[in-house]
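Novice: following is a predicted model, sequence given first.
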Amino acid sequence: MKLLWLPLLLAASACAAEIPRGTHVLLRMVNSVNTRTAREGDYVYLRTATPILSEGAIVVPAESYVQGVVSRSRQSGRVSGRAELGIRLETVTLPAGKSFRFAPRLASVDAGDTGQQVDARESAIKQGGTKEQDLQRIAITAGTGAAIGGLADHSWKGAGIGAAAGSAVGIATALLTRGREVELRQGMTLDVVFDRTVPLE
């Protein structure tokens, strides 16, 4: 008699499977995406780097496929405007082949030394500013200009003129150079979070 109930219990358990609200999961990029070439509507492919658990049971195994789309892509500007990449995650496909719609939001990104970070309010990845690099560039060109001016004129006056010219070149270069782009390379990881429960049935 107990054996007759086993299939029913298993079926009930399968129907009750869900991704609980507040669950975090790590996703790994399968393809590479960057704001230099990405366009709205481009597909983004990932895999779950960690399993998703519900009440101690695995409901979405690691290495399940996740598909999303680029919701917006803004290239870094020359004078102003930082690069920004919006990603909307849409489906997860289990190893058995069954797909489910879901919509977790981005929580964080494995940025490394790129300076990019997640804007949780917009579920987008934004590039950090280049102020420090710009100041370095200006200082280097100013120093080079001072050295050249001093050697050419053999005086502090020449060094001052060279420094001013070098600074002007550095500022112009900083203004005409685009900032860094947002780039999600193959193998990079994203942490996403579910704001609502997702039934897997």
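Specialist: Arrived safely, thanks for sending.

Novice: contacts for stretch 31-38?
Specialist: 42-45, 70, 73-76, 83-85, 87, 127, 181-186 (CB atoms under 8 Å, 6 or more residues apart in numbering). (Glycine included, C-beta is placed from N, CA and C.)

Novice: so where does Val25 fall, helix or strand?
Specialist: Element membership of Val25, judged by DSSP states H and E, is strand 24-29.

Novice: picking up where we left off before, buried ones from the contacts of stretch 31-38, can you make that a ChimeraX selection?
Specialist: The ChimeraX command for the buried members of those (criterion: 16 or more other CB atoms under 10 Å) is given here:
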select :44,70,73,74,75,76,83,84,85,87,127,181,182,183,184
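
Novice: from the contacts of stretch 31-38, which land in strands?
Specialist: 43-45, 70, 73-74, 84-85, 87, 183-184 (DSSP state E).

Novice: tell me which of those is nearest to Pro20?
Specialist: Checking the ones in strands among the contacts of stretch 31-38 against Pro20 with CB to CB, the nearest one is Ile87 at 22.4 Å.

Novice: can you check the pLDDT for that closest one?
Specialist: pLDDT, Ile87: 94.

Novice: check whether it really touches Val109, as I assumed.
Specialist: No. Look at Ile87 against Val109 with CB atoms under 8 Å: they stay out of range, at 9.9 Å.

Novice: quick check: neighbours shared by those two?
Specialist: Between them, Ile87 and Val109 share these contacting residues under CB under 8 Å, 6+ apart: Ile125.
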